[in-house]
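K.L.:
how does the following fold in three dimensions:
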Amino acid sequence: THTHTHTHKSCTTHLGAIMGIFLHLSTVAMLAGAVYIEYYAAAGEWPIFAKLNGDTTSSVVLVVCATLFVHLYHMSRNSLFLITTGLSLMLVNPVQDNIWVTRAAATLIAGGFGLQSTSMPSRCKLYSLGFLIAFIASDGPWAVTVYFTIFLTFRRLIILLLTAQTSFPATYIFGFISNLLPAYYFERDLFFRSDDPPEEIALTRERAFDEMQAHWERKWPKTLAASKELRKSFSDLRFAAGNRVFLPFRRILDEWCDPFTITTHTDRMVLKDLDGHEQLDIAGSYGVNVVGYDRYKEFITKGWAKVQGLGCVLGPVHPLLLRNVEILKQISGKQEVSFHMSGTEAVMSAVRLARFNTKKPLVVMFAGAYHGWWDGVQSTAGNERSPDDVITLVDLAEASLRILSLRSSEIAAVLVNPLQAFHANSPPPSDVVLATDNRNSNLDKKLYSTWLQRLKKTCNDAGIVLIFDEVYTGFRLGPGGAQEYFNCSGDMVVYGKTIGGGIANGVVCGPPEYMSRCDPKAPLRLAYVVGTFSAHPLLLGTMNEFLEWVITDEARQLYDQRHREILQFVVKTNKALEDEELPLKLASYCTVWTMLFQVPGRYHWIFQYYLKDEGINLSWVGTGRLNFSLDFTEADLDDVRVKLLKAARRMKQDGWWYHDPKRKVNNIAIKAKLAKEIVVAIAKSAFV
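P.N.:
The predicted structure follows:
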């Protein structure tokens with residue numbers, strides 16, 4: 001009985017394998033068989049080309065329609081289904097004196113589509129049915145292709161127009177503008193008078209500027225000298241230094257100062273620079289410093305102690321990997337984890353895996369969102385390649401949800417950076433774009449949470465992967481990141497920055513169906529996503545220290561306490577600014593905060609220099625994006641307020657915030673003046 005059962009199972013297995021091979025024959029192979037049958041019956045005449053031997057004009061129209069037909073669907077799986085359906089109907093024409101040959105060819109094609117129908121999208125099934133009805137009702141099969149292609153063309157144009165209407169306008173025009181706008185710089189006289197102030201105000205600015213220059217040269221001689229040398233060979237510094245202020249003001253600032261900090265030591269949030277001076281850091285190391293520099297030192301020391309016996313061994317992994325993966329699964333709510341070497345690289349991995357596993361080409365992101373420096377997700381500034389596989393839609397817009405539904409057959413994933421809740425549809429705030437007081441903050445937690453819930457439902461209904469880019473927000477908004485903060489989870493989550501415990505890292509979490517890098521049905525299909533240092537022992541050690549800390553009750557209590565204290569800091573500081581009639585306001589998003597200027601003006605960017613002069617360290621983006629770490633106490637926040645208010649008083653006294661309501665110097669007037677400067681610069685460049 002055992003032998004009989006084994007033999008029966010073996011036969012069943014072999015039969016299943018044979019059926020599997022048969023069922024996976026492609027539609028193209030079925031069509032090839034049908035073509036051969038008709039070719040044989042028609043005495044050597046190919047059925048397709050025979051139809052192109054007639055009128056030349058008709059042949060050209062047919063070729064154009066066929067080409068357009070393919071282009072409309074970008075050779076996706078859907079297009080192959082549709083094209084093969086159309087060709088099938090064209091091929092099966094009655095063969096004179098041999099109706100059985102025609103039936104055999106038709107049966108073969110019908111069998112091919114029957115076997116493929118389980119994976120054919122519903123929309124394609126409807127289109128195929130339309131093909132069949134049109135074929136039966138028309139005089140010739142080629143007419144079906146022409147008419148149906150016209151229908152698809154109009155449908156495609158409507159979808160593209162709707163997409164363009166809902167897209168971020170800068171996506172389409174920034175490349176043109178960036179090549180059109182020439183570099184232009186103010187001479188010294190205009191540098192202080194670009195807003196046409198009274199002469200005494202201009203002279204006050206000039207005197208304050210020269211005094212600050214002399215003061216910096218006395219205060220930071222070593223730092224300025226080192227910075228000057230670094231600029232010659234360290235391109236990162238040249239880029240950062242050249243993008244701190246609005247374009248026409250750069251040259252004069254480059255000639256005398258650079259707020260770049262060269263530091264040798266930290267004590268909590270205080271940086272000690274090369275000249276021995278202290279700077280209170282509110283930049284937060286580009287978002288990395290969530291818990292405080294001293295705690296990261298502890299993470300690195302203890303983390304290295306855990307793995308130092310292994311050293312730099314790559315390939316084989318340290319057992320700490322198991323514990324790290326366990327915690328990451330718990331926090332993210334996903335079943336699988338992969339490690340990478342930066343947040344940008346983790347985003348690249350998530351997008352690539354989404355495309356691979358959905359077999360769809362497009363990715364959607366939202367206006368203003370930053371997802372790292374990869375040119376595949378930069379649709380405006382900073383990218384010379386205009387990615388044609390990325391759609392940038394307007395955030396918080398009903399129309400954007402409609403586009404996702406309409407183009408669900410093409411869109412693999414939607415990328416969301418929850419940091420955009422702080423300034424939806426605006427680029428990352430930076431002083432380099434402060435042409436006037438053109439910065440806003442509009443955080444509405446309930447509104448954004450509702451938006452994410454609706455976005456998730458739309459993506460689920462459309463079969464689109466929703467990716468949360470939590471490289472910045474993960475563990476900054478709370479122990480559970482934005483997923484916990486907004487009570488909404490993505491299909492995949494990307495982490496980075498602080499999760500490494502002070503060491504460079506990137507993490508992607510997701511379900512098996514989206515994390516797979518191999519196609520079990522097509523072994524040659526691979527998503528080759530790897531990285532040499534992606535699970536470096538030192539990273540595993542420091543990450544473990546951070547993860548073990550962040551899941552404690554102590555960590556959650558600290559987050560809650562600091563968030564309350566930072567909110568009070570903002571309220572108290574805004575009250576003080578208002579009482580002293582200083583045109584500045586603060587806004588916060590947990591430990592992230594920003595400065596909002598309250599009057600029109602062309603010199604808001606210089607406030608970062610006054611803050612540094614008062615002992616506050618900012619990153620190269622200036623006053624736009626600031627970060628408190630969790631080790632800031634109420635006393636530390638009070639210290640920030642004192643320094644900030646002092647810098648603001650000096651800014652006003654020195655004339656940079658001069659504003660006379662009677663002169664009607666508003667944003668419109670400033671932008672009109674800016675437009676005139678640009679036109680003149682373009683005209684001059686045309687003759688150079």
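K.L.:
report the central residue of the chain.
P.N.:
Among the residues of the chain, the one closest to the centroid is residue 371, at 3.0 Å (C-alpha atoms, centre = their mean).
K.L.:
that one: what secondary structure?
P.N.:
coil (DSSP: H, G, I helix; E, B strand; the rest coil).
K.L.:
now swap in residue 478 and tell me
P.N.:
Per three-state DSSP, residue 478 ends up coil.
K.L.:
follow-up on the earlier one: wait, the residue nearest to the centre of the chain touches residue 382, no?
P.N.:
No. Using C-beta atoms under 8 Å, residue 371 makes no contact with residue 382, being 11.6 Å away. Every C-beta, even on glycine, is put in place using the N, C-alpha and C of the backbone.
K.L.:
rewinding a little: now do the residue nearest to the centre of the chain against residue 389, distance only.
P.N.:
In this view, residue 371 and residue 389 are 14 Å apart by C-beta to C-beta, to the nearest Å.
K.L.:
try residue 672
P.N.:
Residue 672 is 38 Å from residue 389, by C-beta to C-beta.
K.L.:
same deal with residue 475?
P.N.:
Counting by C-beta to C-beta, the gap from residue 475 to residue 389 is 31 Å.
K.L.:
those two: who's more crowded?
P.N.:
A count of neighbours by other C-beta atoms under 10 Å puts residue 475 above the other of residue 475 and residue 389, at 24 against 14.
K.L.:
got any ranges where the protein has weak pLDDT?
P.N.:
Low-confidence segments of the chain (pLDDT under 70): 1-153, 242, 256-260, 434-438, 664-665, 688.
K.L.:
try 50 this time
P.N.:
1-28, 31, 38, 46-61, 63-64, 67-82, 84-97, 99, 113, 115-120 (pLDDT under 50).
K.L.:
who's in contact with the nearest residue in space to residue 529 that is not next to it in sequence?
P.N.:
Excluding its sequence neighbours, the residue lying closest to residue 529 (C-beta to C-beta, 6 or more residues apart in numbering) is residue 349, at 4.9 Å. Applying C-beta atoms under 8 Å, 6 or more residues apart in numbering to residue 349 gives the contacts 338, 340, 506, 508, 529.
K.L.:
show me which of these are buried.
P.N.:
338, 340, 506, 508, 529 (16 or more other C-beta atoms under 10 Å).
K.L.:
figure out how far stretch 353-365 is from the centre of its chain.
P.N.:
Centroid displacement of stretch 353-365 relative to its chain, using C-alpha atoms, centre = their mean, to the nearest Å, is 14 Å.
K.L.:
tell me where the chain has strands.
P.N.:
263-267, 270-273, 278-281, 336-340, 362-366, 390-393, 411-416, 465-470, 492-496, 506-510, 584-589, 592-597, 616-617, 626-627 (DSSP state E).
K.L.:
partner strands of the last one and their direction?
P.N.:
In the sheet, strand 626-627 lines up against strand 592-597 (antiparallel) (DSSP bridges).
K.L.:
and the strand it pairs with with strand 584-589, angle?
P.N.:
Computed by axes from the mean of the first three to the mean of the last three C-alpha atoms, to 10 degrees, the angle separating strand 592-597 from strand 584-589 equals 160 degrees.
K.L.:
for the strands of the chain, which one sits closest to residue 179?
P.N.:
strand 390-393 (19.2 Å; C-beta to C-beta).
K.L.:
lovely, talk soon.
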